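>>> What follows is a predicted structure for the sequence shown.
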Amino acid sequence: MADIEKNFEEAEVPILTLTDEETGEEKDFELLGKADIDGKTYLALIPADEEVEEYVILRAEGEGDEMTLESIEDDEEFDRAADYFDDMLFEEE
């Protein structure tokens, strides 16, 4: 994955192009938020070219050009990140 940190700083609404490891399909995602929780970095993303109401949460591993985004397999870890982003993104509702 290209330098994600640089994309955060330069783009008004950062767009990340992710490649599905299983299918090789590329898809653009809009960054909704970034959070550091318990020493791990999480990103909340929504497909850039679709009208959807749900967002995706992925864990960032590594740094700079070596950064990858991973699915969160642990339910407890996912729930902590989801609670944080729900509060951050929907606190006005």
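Noted; the coordinates are in hand.

>>> What ranges does this structure have for its strands?
15-19, 26-37, 40-47, 56-61, 68-70 (DSSP state E).

>>> how about those, which one is nearest Asp83?
Among the strands of the chain, strand 26-37 comes nearest to Asp83, with 9.4 Å by CB to CB. Glycine gets a C-beta too; all of them are placed from N, C-alpha and C.

>>> Now tell me what touches the closest one from outside.
Here strand 26-37 makes contact (CB atoms under 8 Å, 6 or more residues apart in numbering) with 7-8, 13-20, 41-49, 55-56, 80-81, 84-85, 88-89.

>>> can you give me the offset of it from its chain's centre?
3 Å (CA atoms, centre = their mean, to the nearest Å).

>>> Show me what counts as buried in it.
29-32, 34 (16 or more other CB atoms under 10 Å).

>>> Could you dump these into JSON lines and include distance to Glu73 and pLDDT?
Formatted as JSON lines, the buried residues of strand 26-37 follow (distance: CB to CB, whole Å; pLDDT from 0 to 100):
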{"residue": "Phe29", "distance to Glu73": "20", "pLDDT": "93"}
{"residue": "Glu30", "distance to Glu73": "24", "pLDDT": "93"}
{"residue": "Leu31", "distance to Glu73": "22", "pLDDT": "92"}
{"residue": "Leu32", "distance to Glu73": "21", "pLDDT": "91"}
{"residue": "Lys34", "distance to Glu73": "20", "pLDDT": "92"}
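
>>> Format those residues as JSON lines; extra columns: distance to Glu70.
What follows is the buried residues of strand 26-37, written out as JSON lines (distance: CB to CB, whole Å):
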{"residue": "Phe29", "distance to Glu70": "14"}
{"residue": "Glu30", "distance to Glu70": "19"}
{"residue": "Leu31", "distance to Glu70": "16"}
{"residue": "Leu32", "distance to Glu70": "18"}
{"residue": "Lys34", "distance to Glu70": "15"}
